[in-house]
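Engineer: Show me the folded form of this:
(chains A and B)
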Amino acid sequence: MAAASLDHTLIALADPTRRAILQRLSAGETRVTDVARPFAISLNSVSKHIRILERAGLVRRRRAGREHYLSFTPAPLDDAAAWIETHRSLWTARLQALDAMLQSEDAAAARMRQLPSVRKESPR
Amino acid sequence: MKSSQPLIVRVSHTFSASAERVFDAWLDPSRLGKWLFSTPGGEMVHVEVDPRVGGCFNVTERRDGEDVEHIGEFVEIDRPRRLVFLFQVPKFGPGRDRVEVDITPLGTGCTVTISHELAPADIDSKDGVTKGWTDILAGLDRVMAERS
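Structural biologist: Numbering: from 1, shown residues only, chains lettered A, B, ... in the order given. As a prediction, the model looks like this:
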């Protein structure tokens, strides 16, 4: 049910290699080759992870001559956090509405129980 | 990736009403529309519940002239402890999220815990990327912590 951009964000975050890449980039702009170096996988598979991060808008690429630099652009994380918070508050409101309905049923039942005695006390 | 856990939004509320009353409010079509998916200013136009495993509910509210359908397919019905359904709002997309309702008696009342599991659209299946929704919240927390 998530919006397409949020799907991209959550899928990007669902992988430990991609999270590690983001952690490295959070220290500052880094050359692609330096990003790839600590990982025991090919540059090609690192590139695939980077593309998924770029698709999610979590990473921006800057070209300077032959070098490609990556930086972390965290705004989509705020969208994801906001989406989670929206659902939390929706369910909270629904459960409060259920509680209010049950309490008003109780109050109505209590009034019904009082009716016969009210009639007895006021014969007019 | 060690343990695989989906991303879940979890909310709890304690009721003075019994577990049975709270449970029944989820399946009673004459009352469901009074609280579930009812919004201020909205007009409830259709409430239908087929309370069996494989059956569905449909709660439709008119909001600003537009009918918004909420559809759920029941996966588990265990009165008065547990209700699980696959939840979809077609207006917001084709994905179906798993929603678990766990009801625990507490004194003369009960505590209800909603666990809403986020279902991302299946956009990566063609890339062959496995969608283990692993520990995403922890991932979010870590990355957020790195930022600050």
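
Engineer: which one is the residue nearest in space to the middle of chain B nearest to, not counting chain neighbours?
Structural biologist: Most central in chain B under CA atoms, centre = their mean is B:Val99, positioned 3.3 Å from the mean C-alpha point. Leaving aside its chain neighbours, B:Val99 sits nearest to B:Phe87 (4.7 Å; criterion: CB to CB, 6 or more residues apart in numbering or on different chains). C-beta: built from backbone N, CA, C; applies to glycine.

Engineer: where's that neighbour relative to B:Gly109, distance?
Structural biologist: Here the distance between B:Phe87 and B:Gly109 works out to 25 Å (CB to CB, to the nearest Å).

Engineer: thinking again about what came up before, contacts only, for the residue nearest to the centre of chain B.
Structural biologist: Contacts here follow CB atoms under 8 Å, 6 or more residues apart in numbering or on different chains; on that basis B:Val99 touches B:72, B:84-87, B:114-117.

Engineer: where do the helices sit along the chain?
Structural biologist: You didn't say which chain, so I picked chain A. For chain A, applying DSSP state H gives helices covering A:4-13, A:16-25, A:32-36, A:43-55, A:75-121.

Engineer: meant chain B, my bad for not saying
Structural biologist: Here chain B has its helices, by DSSP H, at B:19-27, B:29-35, B:136-147.

Engineer: what residues does chain A put near chain B?
Structural biologist: Within chain A, the positions lying close to chain B (CB under 8 Å from any CB of the partner chain) are A:1-4, A:6-8, A:10-11, A:13-16, A:19, A:22-23, A:26, A:52, A:72, A:74, A:77, A:80-81, A:84, A:87-88, A:91-92, A:94-103, A:106.

Engineer: For B:Thr14, which residues count as its bridge partners?
Structural biologist: On the basis of DSSP bridges, B:Thr14 is bridged to B:Thr111.

Engineer: What is the neighbour count of it?
Structural biologist: By the measure other CB atoms under 10 Å in any protein chain shown, the count of residues near B:Thr14 is 13.

Engineer: That one contacts B:Thr108, doesn't it?
Structural biologist: No - under the contact definition of CB atoms under 8 Å, B:Thr14 does not touch B:Thr108, with a separation of 11.6 Å.

Engineer: Which of the contacts of B:Val99 fall in strands?
Structural biologist: Taking DSSP state E, the ones among the contacts of B:Val99 that sit in strands are B:72, B:84-87, B:114-117.

Engineer: Let me know the closest of these to chain A.
Structural biologist: Among the ones in strands among the contacts of B:Val99, B:Ile114 lies closest to chain A (CB to the nearest CB), at 4.8 Å.

Engineer: Help me confirm that the closest one comes into contact with B:Ile103.
Structural biologist: No - assessed by CB under 8 Å, B:Ile114 is found out of contact with B:Ile103, at 10.3 Å.

Engineer: didn't A:Asp15 look like it was pressed against A:Val46?
Structural biologist: No - because the distance of 11.7 Å does not satisfy CB under 8 Å, A:Asp15 is recorded as not touching A:Val46.

Engineer: pLDDT at the residue nearest the centre of chain A, what is it?
Structural biologist: Within chain A, one residue has its C-alpha closest to the average C-alpha position: by CA atoms, centre = their mean, that is A:Ala80, at 3.1 Å. The predicted structure scores A:Ala80 at 78 on the pLDDT scale.

Engineer: May I have the residues that are in contact with the closest residue in space to it that isn't next to it in sequence?
Structural biologist: Using CB to CB, 6+ apart and skipping the chain neighbours, the partner closest in space to A:Ala80 is A:Thr9 (5.0 Å). By CB under 8 Å, 6+ apart, the contact set of A:Thr9 is A:56-58, A:76-77, A:79-80.
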